[in-house]
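A.B. asks: Return atomic coordinates for the entry below.
(2 chains)
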Amino acid sequence: MSDDNKDGNDDQKKLTDDPAFKEMQNAVKGIALLVQQGQQANTTMQENFTKLMEKVSEPSKKEDPEPDPDDINELDNVGLIKLVVGEVGKVVDDKLEAVGDSITATKQGLIDTRLEGEVKELMIENPDLLDWKSEMALISKDNPNLSLARLHSMARTEDPEKATELDEKYTESDDDKEDKTKGYLSLMPTSGGFEDADSDEKPMTSEEAADKAWEETLEDFPALGSMGDA
Amino acid sequence: MAAVHSLTEAIDNLYTSTWQHMKGGAIDNIFTATPFWFWMRDKGRLKTQGGGRHILEPIEYAKNDGVKFIGKGGTVSLNDREFLTEAIYDWRYLIAPLVRFGVDDQKNRGKTKILSLINSKLSNAENSLVDTLETTLFANVGADGGAFDGLLHLVQDDPTSSTVVGAINQSTNSWWQNKQLTMNTVSFATSGVDKMRTMLNNVTNNRLKDRSDIILTGQTPYEYYEDAAFTKLEIQNTKLAELGFDHLTFKGIPLVWSPACGLRMYFLNTSFLSFVYDPAMFFDMTEWKPIPEQVNDKAAQIATACTTTTNRRRVLGVIHTIDTA
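C.D. replies: As a prediction, this is how the structure comes out:
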């Protein structure tokens, strides 16, 4: 062994004997232990979390299974009561479900009927009602408690131009109304207008017809009225 | 500047307008003026058809001879037997002319006179239409330039003659022949009711739906029947009585008369008779048209497109030549 080595060993011995060095060594050991403990705790926590998740995702298992109706003869009183209550409960649930459905349907039917009646009634006075359905739907979103009449009225107020156009569209002139009584394709000037025997309208006598014709003709030929009987 | 109108234009308008308003009433009058037309209307036998080249009536002319009883293992023919055909009728045009003279327009001024003239002309047209419909009903076919088929044609005295009715020749199609009996030189007093009974049985053939629902005759046979059946006259038909139609009944069937019928007695089932008309030309007035070479005179027409049809002649019958009391 060389002298150099001998000197080195001596130096090392001197270092391990140094109390500061010993103190530092102890501190390093403590840190390693802490790290190890931390890792263990983390692993345990992960395992616990996984177990918890598995437990949560599993369907809930009843602690006490329902008794089987086939085993009725072997059940004790507690099991029998449980069985009876369970079976009655199922029947009641079915019945209640049917009643519930029926009530829902009836309620919806009543709402539909009421709405239908309201629409029909409203359409008599407001033939343009359906032309405003989009606008009414929009207003209804903000004001869900408004009646149809109010919705229609508001929709018209918000678009007066459209309201005027629709008023013109649905306002029939007297000529239009009269034309509807004529044949769909008039072959001759007086085609159409013949009512069947079942009609309640009393036909005009020739005198009544002539008087009415006179009044009508005067509108087109006013000078006719100024001719006295000669 | 005010528009200038002519008086004649105004009167054109007045006539058309008046007829338009009174047309419903006029049609009512036309179809309630005589018992047969009233009966047809009341039974809903005025039918409409909008245009078309012809009026077609489907006809069931034969029975299904495959219908039979079978025994065990028996068979039934599955032949698709032809049993339907169509009778074809042409449109006929009933026209009532109206003529207006310029001098009348010039003389009759003012509301009262104008309307009075209009009323009289239109009422006259209405009455003429009633007469024409009634006389044509008892006439033959086409005798007067294209009239609709009258009863003389639809219910013939000789149903075996080679005559075409509804485009079907009756001589070669026995199922298309009406029933007939003659009373030539036979006393109605002694045999009239018997003949009527036989005729009713012939046309009915013991089938309720084929039974006659009205009997139509002339004045003379009507009076013969009244004499013969006076002691056992039956209850009157309410509807006809309400309208004031003079009528008798035979086995519950109303018996009415028309001066145009002559010496015949028709046993009719109106379920198989129709008066078809085009609603676009049903007693409608044309425009007023100037008459050439006649100054200020004008003409218009009240026109009807119509025809009479039948689809079961074998339930219709006639007793003819009722010439002896």
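
A.B. asks: all contacts plus neighbour counts: C-alpha atoms, from now on.
C.D. replies: Noted.

A.B. asks: Distance across stretch B:287-305, terminal residue to terminal residue?
C.D. replies: Separation of the first and last residues of stretch B:287-305 by C-alpha to C-alpha, to the nearest Å is 17 Å.

A.B. asks: what comes into contact with it?
C.D. replies: For stretch B:287-305, the external contacting residues (C-alpha atoms under 8 Å, 6 or more residues apart in numbering or on different chains) are A:188-189, B:12, B:16, B:91-103, B:277-278, B:281-286.

A.B. asks: cutoff 7 Å now
C.D. replies: The contact list for stretch B:287-305 (C-alpha atoms under 7 Å, 6 or more residues apart in numbering or on different chains) reads A:189, B:12, B:91-102, B:277-278, B:281-286.

A.B. asks: Chain A contacts on chain B?
C.D. replies: B:5, B:10, B:13-14, B:16-18, B:20-25, B:108-113, B:115, B:119, B:279-281, B:284-287 (C-alpha under 7 Å from any C-alpha of the partner chain).

A.B. asks: Report the buried members of those.
C.D. replies: With burial judged by 16 or more other C-alpha atoms under 10 Å in any protein chain shown, the buried subset of the residues of chain B next to chain A is B:10, B:13-14, B:16-18, B:20-25, B:108-109, B:111, B:113, B:115, B:119, B:279-281, B:284-287.

A.B. asks: returning to what we had before: among the residues of chain B next to chain A, which ones are in strands?
C.D. replies: Among the residues of chain B next to chain A, the members found in strands (DSSP state E) are B:284-285.

A.B. asks: Regarding chain A, what is its longest helix?
C.D. replies: Counting residues, the longest helix found in chain A (DSSP state H) is helix A:77-125.

A.B. asks: Stretch B:297-316 - what's its average pLDDT?
C.D. replies: The average pLDDT within stretch B:297-316 is 93.

A.B. asks: Show me what the host helix or strand of residue B:29 is packed up against.
C.D. replies: Assessed by DSSP states H and E, residue B:29 sits inside helix B:7-30. Other helices and strands packing on helix B:7-30, by 3 or more C-alpha pairs under 7 Å, 6 or more residues apart in numbering or on different chains; DSSP states H and E, are helix A:206-220, helix B:111-137.

A.B. asks: can you give me the angle it makes with helix A:206-220?
C.D. replies: For helix B:7-30 against helix A:206-220, the angle by axes from the mean of the first three to the mean of the last three C-alpha atoms, to 10 degrees is 150 degrees.

A.B. asks: Just give me how far helix B:7-30 sits from the chain centre.
C.D. replies: Relative to its parent chain, helix B:7-30 has a centroid offset of 25 Å by C-alpha atoms, centre = their mean, to the nearest Å.

A.B. asks: List of residues touching it?
C.D. replies: A:190, A:194-195, A:203-206, A:209-210, A:213-214, A:217, A:221, B:118, B:126, B:130, B:285, B:288.

A.B. asks: Just the buried subset of these, please.
C.D. replies: Applying 16+ other C-alpha under 10 Å to the contacts of helix B:7-30 flags A:190, A:194-195, A:203-206, A:209-210, A:213-214, A:217, A:221, B:118, B:126, B:130, B:285, B:288 as buried.

A.B. asks: Okay, the residue nearest to residue B:213 when sequence neighbours are not counted and residue B:252: tell me how far apart.
C.D. replies: Spatial nearest neighbour of residue B:213, excluding adjacent residues (C-alpha to C-alpha, 6 or more residues apart in numbering or on different chains): residue B:269 at 5.1 Å. Between residue B:269 and residue B:252 the computed distance is 14 Å (C-alpha to C-alpha).

A.B. asks: now residue A:74
C.D. replies: Distance from residue A:74 to residue B:252, counting by C-alpha to C-alpha: 87 Å.

A.B. asks: send the alpha carbons of the one helix or strand residue A:164 maps to over as CSV?
C.D. replies: Following DSSP H and E, one finds residue A:164 within helix A:160-170. What follows is helix A:160-170, C-alpha atoms only, in CSV (Å, rounded to 0.1, in the frame of the first residue of the first chain):
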residue,chain,number,x,y,z
PRO,A,160,-98.9,47.4,-38.6
GLU,A,161,-98.0,47.1,-42.3
LYS,A,162,-98.6,43.4,-42.3
ALA,A,163,-101.8,44.0,-40.4
THR,A,164,-103.1,46.4,-43.0
GLU,A,165,-102.2,44.0,-45.9
LEU,A,166,-104.0,41.2,-44.2
ASP,A,167,-107.0,43.3,-43.5
GLU,A,168,-107.2,44.1,-47.1
LYS,A,169,-106.8,40.5,-48.0
TYR,A,170,-109.6,39.3,-45.8
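
A.B. asks: Now do the buried residues in it.
C.D. replies: A:163, A:166.

A.B. asks: Not counting it itself, show me its contacts.
C.D. replies: Outside helix A:160-170, the residues that touch it by C-alpha under 7 Å, 6+ apart are A:127-128, A:156.

A.B. asks: Bridged to the closest residue in space to residue B:154 that isn't next to it in sequence, which residues?
C.D. replies: Using C-alpha to C-alpha, 6+ apart and skipping the chain neighbours, the partner closest in space to residue B:154 is residue B:165 (6.8 Å). Residue B:165 has these beta-bridge partners by DSSP bridges: residue B:168.

A.B. asks: Distance of residue B:165 relative to residue B:141?
C.D. replies: Residue B:165 sits 9 Å away from residue B:141, going by C-alpha to C-alpha.

A.B. asks: cool, and residue A:99?
C.D. replies: Taken as C-alpha to C-alpha, the span from residue A:99 to residue B:141 is 75 Å.

A.B. asks: More neighbours: the two, which one.
C.D. replies: Counted by other C-alpha atoms under 10 Å in any protein chain shown, residue A:99 and residue B:141 do not tie: residue B:141 has more neighbours, with 19 against 12.

A.B. asks: How about the contacts made by the residue nearest to the spatial centre of chain B?
C.D. replies: What sits nearest the mean C-alpha location of chain B, by C-alpha atoms, centre = their mean, is residue B:137, with 4.7 Å. Under the criterion of C-alpha under 7 Å, 6+ apart, the neighbours of residue B:137 are B:150-151.

A.B. asks: Repeat that for residue B:267.
C.D. replies: B:212, B:214-216, B:316-318.
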